[in-house]
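A.B. asks: Quick one, structure for this:
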Amino acid sequence: MHDYSAHADQVYASAQSTAASSSVVASWRRCMVMHRLAPEEKRLPTRLTSQEFQTALERSERLVAEAANELDRLFLAVGKAGCCLLLTDRDGIALERRGAAGDDKEFHDLGLWTGSVWTEASIGTNGIGTALADERAVAIFRDQHFFCSNIDLSCTTAPIRDHRGQLAGALDISSCRDDVNDATLAILSQTVRDAAVRIELNLFRSAFAGARFVMVPTDTASTSALLAVDRNDLVLGATRAARLALKLDDHRIASGIPASDVLREQAAMGEDLAEAERAALLRALSRASGNVSQAAAALGMSRSTLHRKMKRLNLH
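C.D. replies: Take a look at the predicted model:
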């Protein structure tokens with residue numbers, strides 16, 4: 001049996017303390033000071049009307065479409081373990097849900113359902129709301145929740161960013177099982193972070209369909225650091241990880257910066273034309289399976305001209 005009054009006392013004492021605080025206590029403090037919530041309250045998350053929910057769905061249509069397969073794949077992995085999945089927009093509105101029918105009543109009673117708003121202002125400290133507030137992945141384990149009514153719940157959430165690196169939503173795994181422990185939650189946390197990254201990459205590739213994608217080397221060997229590059233080697237877009245690694249922003253990208261420059265592949269500007277010509281000749285020769293006459297015809301030059309260029313560029 002839970003001692004709800006003890007939990008409420010702990011929240012009050014921790015939130016009012018002047019000692020250095022954890023991210024959970026910082027969230028408790030926001031809930032009390034910014035949102036005027038009291039931990040002993042019994043409440044469900046705010047629910048949208050049907051029309052409001054439809055508007056939210058339309059606003060995040062691309063996010064929902066690009067996340068669908070990942071939600072299905074993730075549910076196959078964790079659904080039988082009594083977990084519920086929620087995909088929300090950046091305002092904490094639950095847009096999509098996956099859950100086993102046998103667990104539906106318990107999750108519905110807690111408000112883990114489409115159309116619910118899982119911000120800190122709505123339902124206190126929770127995985128989704130706190131991940132969105134802090135813009136980072138979080139795990140909220142049982143009595144780390146703000147409200148006493150949620151301390152049977154364990155959840156882990158990762159934010160999802162769009163093609164410009166801006167917050168687009170969140171992906172959450174929640175469980176009410178008694179046997180969830182720190183180790184289990186750590187595994188679920190990594191799982192949800194990996195799935196969120198794949199959704200981000202889906203959003204990025206969809207936004208720059210037809211572009212060439214270049215992986216950016218990073219200290220962490222992150223596979224999410226990508227550039228979208230056009231046929232002229234100009235950067236069209238960059239994921240958040242790539243923006244951080246290369247110090248890119250919307251202004252630099254809009255200015256038309258070459259990918260080779262941001263990747264520091266070129267030693268000097270004077271080499272650009274020669275390298276571009278070399279690459280064009282190599283592509284033409286490859287497409288012609290090494291046949292110089294065919295390659296020359298494709299490039300609109302004579303065979304002798306192509307031979308001269310190949311000699312100059314040391315392609316023989």
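A.B. asks: okay, CA-based contacts and neighbour counts for the rest of this
C.D. replies: OK.
A.B. asks: can you pull out the strands in the stretch 51-200 of the chain?
C.D. replies: Remark: strands assigned in the stretch 51-200 of the chain by DSSP state E, counting those that start in this stretch are 83-89, 94-98, 116-117, 138-141, 154-161, 167-175.
A.B. asks: And the third one, how far out from the chain middle?
C.D. replies: This points to strand 116-117. 20 Å (Cα atoms, centre = their mean, to the nearest Å).
A.B. asks: so what's the closest residue to residue 135 other than its chain neighbours up against?
C.D. replies: Nearest residue to residue 135 in three dimensions, chain neighbours excluded: residue 159, at 6.3 Å (Cα to Cα, 6 or more residues apart in numbering). Residue 159 is in contact with 131-132, 135-137, 167-171, 196, counting by Cα atoms under 8 Å, 6 or more residues apart in numbering.
A.B. asks: Check the residues you listed for burial and list the buried ones.
C.D. replies: Buried subset of the contacts of residue 159 (neighbour count, 16 or more other Cα atoms under 10 Å): 131-132, 135, 137, 167-171, 196.
A.B. asks: Kindly reformat these as CSV containing distance to residue 257 and pLDDT.
C.D. replies: Output for the buried ones among the contacts of residue 159, formatted as CSV (distance: Cα to Cα, whole Å; pLDDT from 0 to 100):
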residue, distance to residue 257, pLDDT
131, 33, 98
132, 31, 98
135, 28, 96
137, 32, 97
167, 24, 97
168, 26, 98
169, 29, 98
170, 31, 98
171, 33, 98
196, 28, 97
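A.B. asks: out of those, which one sits closest to residue 240?
C.D. replies: residue 167 (10.0 Å; Cα to Cα).
A.B. asks: Spatially nearest residue to the closest one, not counting backbone neighbours?
C.D. replies: Using Cα to Cα, 6+ apart, the closest residue to residue 167 is residue 161 (4.5 Å).
A.B. asks: Is that neighbour in contact with residue 169, as I believe?
C.D. replies: Yes: look at residue 161 against residue 169 with Cα atoms under 8 Å: they come within range, at 6.9 Å.
A.B. asks: So residue 31 is in contact with residue 126, correct?
C.D. replies: No: Residue 31 is beyond contact range of residue 126, at 10.6 Å (criterion: Cα under 8 Å).
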